[in-house]
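Peer 1: A predicted structure for the sequence below; I have some questions about it.
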Amino acid sequence: MMGYENQGYEEAAHLHTRKDQMTSITLSDDPSLQSNGSKSFLNDPLSSSSQFVEIPTDDSDPLRSTQTPSPTNHNSINSILEPPSYAEAVFRSFDLDSIDSADVNGQDHSPLAPSPSFSSNYLKISVSDPLREQELAGGSLVPGGSSYFSYLITTFTNISDFSGTEFNVRRRFKDFVALSDRLAESYRGFFIPLRPDKSVVESQVMQKNEFVEQRRAALEKYLRRLAAHPVIRVSEELRAFLESSSKISLYNRTSDANMASSRTLDGDVSDAMQPAKGGMDLLRMFKELKQSVANDWGGVKPPLVEDDKGFLERKEKLQDYEQQLVNVSQQAESLVKAQQDIGETMGQLGLAFVKLTKFETEEAIFDSQRTRSNDMKNVATAAVKASRLYRELNAQTVKHLDKIHEYLGVMLAVNNAFSDRSSAFLTVQTLLSDLSSLHSRIEKLEAASSKIFGGDRSRIRKIEELRETVRVTEDAKNSAVKDYEQIKENNRNELERLDKERHDDFVNMLKGFIVNQAGYAEKMANVWETVAEETSGYAKK
Amino acid sequence: MITTMNVQQRSGSGALVQSPRSPSSQSPYLRVSVSDPAKMGTGVQSYISYKVITKTNLPEYEGPEKIVIRRYSDFIWLRDRISEKYKGVFIPPLPEKSTVEKFRFSAEFIEMRRQALDVFVNRIASHHELQQSEDLRIFLQADEQTMERARSQETGIFKKKPTDLMQIFKDVQSRVSDVVLGKEKPVEESNPEYEKLKNYIFQLEDHLAEAQKHAYRLVKRHRELGQSLSDFGKAVTLLGNCEGNSLGKAFSELGAKSEMLSVKLQREAHHLLMNFEEPLKDYVRAVQSIKATIAERANAFRHHCELAEAIKFKEIDMNKLRLTRSEKLGEVEHEYEELRADGAEAARRFDKIVKLMNEEIVRFQEEKTLDMGLAFHEFAKGQAQLANGIADAWRSLLPKLENCSPSS
């Protein structure tokens, strides 16, 4: 029995001994695995945050920290400028409400869009409290071994599929990778949100805490996106990940793929499949490769043609769409940069005038100087205000245009789903050609055998063997066709869902963007109109 | 006496292009405009010429209107001449020579220069001392050949080399800092008010230069924002074409509005440059011109002191010679008288500079308050108009978005 340093890993220790028996995480089978089911909190000394943290209502906004002017600036202008008016705060909350609270309910689109199925069911997830932990090598704690970070996953839900309403588990990045892999196997044809990158390089370049924080935020976004997907949110894989503190297995992928494809057949486990797998798998993969090469070179005409012209058109259109999306995302980035720059320069101009005003006031001998000083002060104040407005405008703009970046990720998921379809199609093709070659071999043997009087025992035996193989291959083919059809169906449904959600999301994005721009432009106009009024005496008639 | 007033009387004949910052006067009047820049010559020799139109009822000038053609170096000639003759006056500043070759003929640069030259000439024309200058009359009236001759004569005599000026500035600056640090050097005015003024001028230049730098950057930022908004608009339009249906249309409308606003931003950038950044630059130049006057005053003071010293020594010499009844006495007495005359002249000149400067500082402060007041007004007006335009444009899109039916 292996020894563990930390009490909180009791369950982990328990599971560790049974690791080799475990092929997948299942919930209902083993009661000992339901560690945190109904408890609100672990007496887990590893979790440093002993109070329950509030689930943040919006993604952490790195730009928030820049919204308040730096201390040094503030002191010198305090005496001259007024504090930001409360009207600004009111305006801001209108903008935030319609966009930010969406993430809380695990939905990616705003509550404004009709989504009756979600309104009462919620699945709120947050990722927090990164902790450094030691890699356990060979069971015993090796000092100086490599370390990794674990994250606290906190879940609130009222969905009945879950075995409780609150969960806390610790997961490391590897676990997320495993979850993502499992989902990809089980939900072929679905638009599954992509997990965060491994990004080894960044982890070495950035400061450790920066990197960890970035990763934490990315992992949280990932889980929330999974929770927003109508099918995946109630998947076994996600549930196991969120509920149990057991380690997610990385082994036996092929047998999982086995169960995965059977899962797409609504839980029917096809027993006949079992013996055909294992050694045949590798063979099949080579054959599929050969088939795809053959197809590419226009050799053998595939018996089953990807006949859905509608699908092919759709695919092309989506590729074009993706291209434009990339383009918009790049221009959006430059736009944000330009907005930031103009705000900064306006602020610097304002400060330069503040200094000039102070100087002129102190040194004033003539009334004309005092007048000028006063005029300058008004301009300085306006410029600093405008600079603040630009900064706020930009923070909001980033939030709105972020939708575009999100959908770039969605397009990647779509590509994955389409390639699921292609590979399923390839499997069917391969099996069909297998069958046809088997049949032709049987024909040849039968023809040869019939020429020999009394039959050819060895040939007859061979024919029997081949017929058996045909039977098995037929079953495999039927199963593969079912797979393929299912995946096609998944594709179709997902495309429908995508169209609807994309439409709603983008309409809201546009609205948010436009309202934001107009609102801040109006505020800036007010600021400048005041100054124009104050200086109107100087205007040439 | 020509008085300067803000109310402008336009005479009947034709459009008078006059920069809004040029002061104007009631009758008797002398109004000048610098307009119609035209490229002359070819290749390396090419330059820009300007039409200088003078409208006046003064007897010293020809007719109600006179038009001459002048180039930038002619303006420099005028500036140099009046700098020599009117020491103590804050000479109106000239726009700089262009350092970047390809920029020299850009429309924007030419327009900025034309505006600045117009302001320059009008400031001279409305200054109660400078407007009486003979050189101004030559500049405004003489034909091109006479002007060219006058211009080429001046090279070398009155033209101060930049290094000389730098040295003068450095001297003045070091003296200022010496005073500030408490080390007083002998040949220096011990006038606390004047010291304060010098300090003020030097610090003012630093502050103004910084403000002008940021103003120039702000112009650039407007251009950059305009460009990126235009690019964004184009990209969004293409996306809209992919989308189709009402959402696609909304995207296209957004794209079109973005491109429209980009044009507004470019326009505001230009407006900002001509009506805010240029006046600030002009302010900086004016302060630098004052520094030149400060240097002149220092020179005059030093000269006056040196002569006073020389007179003292000469007197001692003279008395020595009187005692020894030398035959050189007559000569020395003569020299002494000459020195006395020079000394009186130097003292007079110095006093004139002091008197002028006291008047000039008042005029300068008033002029700058008006100039900057107008610049601030233009700045605020431009920004308000831009912001309102932006708000209106975006708001006009909202009803179109409402038409995007929810997808269910």
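Peer 2: That came through fine.

Peer 1: the domain parsing of chain B - what is it?
Peer 2: Domain assignment for chain B by automatic domain parsing gives B:29-161, B:169-408.

Peer 1: quick one: the first one near chain A?
Peer 2: No. Taking Cβ under 8 Å from any Cβ of the partner chain as the criterion, domain B:29-161 and chain A are apart, separated by no less than 13.4 Å. To be clear about C-beta, it is placed using only N, CA and C from the backbone, and glycine gets the same treatment.

Peer 1: Show me what the mean pLDDT comes to for that domain.
Peer 2: Regarding domain B:29-161, the rounded mean pLDDT is 88.

Peer 1: residues from the stretch 201-350 of chain B in reach of chain A?
Peer 2: Residues of the stretch 201-350 of chain B lying near chain A by Cβ under 8 Å from any Cβ: B:203-204, B:207-208, B:210-211, B:213-215, B:217-218, B:221-222, B:224-225, B:227-229, B:231-232, B:234-236, B:238-239, B:241-243, B:245, B:247, B:250-251, B:254.

Peer 1: these two touch, right, residue A:353 and residue A:376?
Peer 2: Yes. Using Cβ atoms under 8 Å, residue A:353 is in contact with residue A:376, at 5.4 Å.

Peer 1: roughly how far apart are the residue nearest the centre of chain B and residue B:120?
Peer 2: Centre of chain B computed as the mean C-alpha position; nearest residue by Cα atoms, centre = their mean is residue B:93, 3.4 Å away. Relative to residue B:120, residue B:93 is positioned 7 Å away (Cβ to Cβ, to the nearest Å).

Peer 1: now do residue A:488
Peer 2: According to Cβ to Cβ, residue A:488 and residue B:120 sit 79 Å apart.

Peer 1: The two: which is more packed in?
Peer 2: The neighbour comparison of residue A:488 against residue B:120 (other Cβ atoms under 10 Å in any protein chain shown) goes to residue B:120, with 24 against 17.

Peer 1: Tell me the secondary structure at the more buried one.
Peer 2: When classified by DSSP: H, G, I helix; E, B strand; the rest coil, residue B:120 comes out as helix.

Peer 1: Quick check: mean pLDDT of the helix or strand in which residue A:430 is found?
Peer 2: Using DSSP states H and E, residue A:430 sits in helix A:367-451. If you average the pLDDT over helix A:367-451, you get 92.

Peer 1: Just give me the longest helix of chain B.
Peer 2: helix B:329-395 (DSSP state H).

Peer 1: ok, residue A:239 touching residue A:162?
Peer 2: Yes. In terms of Cβ under 8 Å, residue A:239 counts as a neighbour of residue A:162; the distance is 6.0 Å.

Peer 1: who's more crowded, those two?
Peer 2: Set side by side, residue A:239 and residue A:162 show more neighbours around residue A:239, with 22 against 19, by other Cβ under 10 Å.

Peer 1: which other helices and strands contact whichever strand or helix holds the more buried one?
Peer 2: Counting by DSSP H and E, the element that carries residue A:239 is helix A:236-243. Contact partners of helix A:236-243 among helices and strands, from 3 or more Cβ pairs under 8 Å, 6 or more residues apart in numbering or on different chains; DSSP states H and E: strand A:147-157, strand A:166-172, helix A:173-186, helix A:208-228.

Peer 1: ok, back up a step: select only the buried ones of the residues of the stretch 201-350 of chain B next to chain A in PyMOL?
Peer 2: Selection of the buried residues among these in PyMOL, burial being defined by 16 or more other Cβ atoms under 10 Å in any protein chain shown:
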select buried, chain B and resi 204+207+208+210+211+213+214+215+217+218+221+222+224+225+227+228+229+231+232+234+235+236+238+239+241+242+243+247+250+251+254
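
Peer 1: mind showing which ranges of chain A have poor pLDDT?
Peer 2: Counting by pLDDT under 70, chain A contains low-confidence ranges at A:1-119, A:137-145, A:200-207, A:245-308, A:455, A:541.

Peer 1: So which bits of the stretch 401-541 of chain A are right by chain B?
Peer 2: Residues of the stretch 401-541 of chain A lying near chain B by Cβ under 8 Å from any Cβ: A:499-500, A:503-504, A:506-507, A:510-511, A:513-515, A:517-519, A:521-522, A:524-525, A:528-529, A:531-532, A:535-540.

Peer 1: For the helix or strand that residue B:84 is a member of, buried residues please.
Peer 2: Assigned by DSSP H and E, residue B:84 belongs to helix B:72-85. The neighbour-count check on helix B:72-85 (16+ other Cβ under 10 Å) flags B:72-75, B:77-83 as buried.
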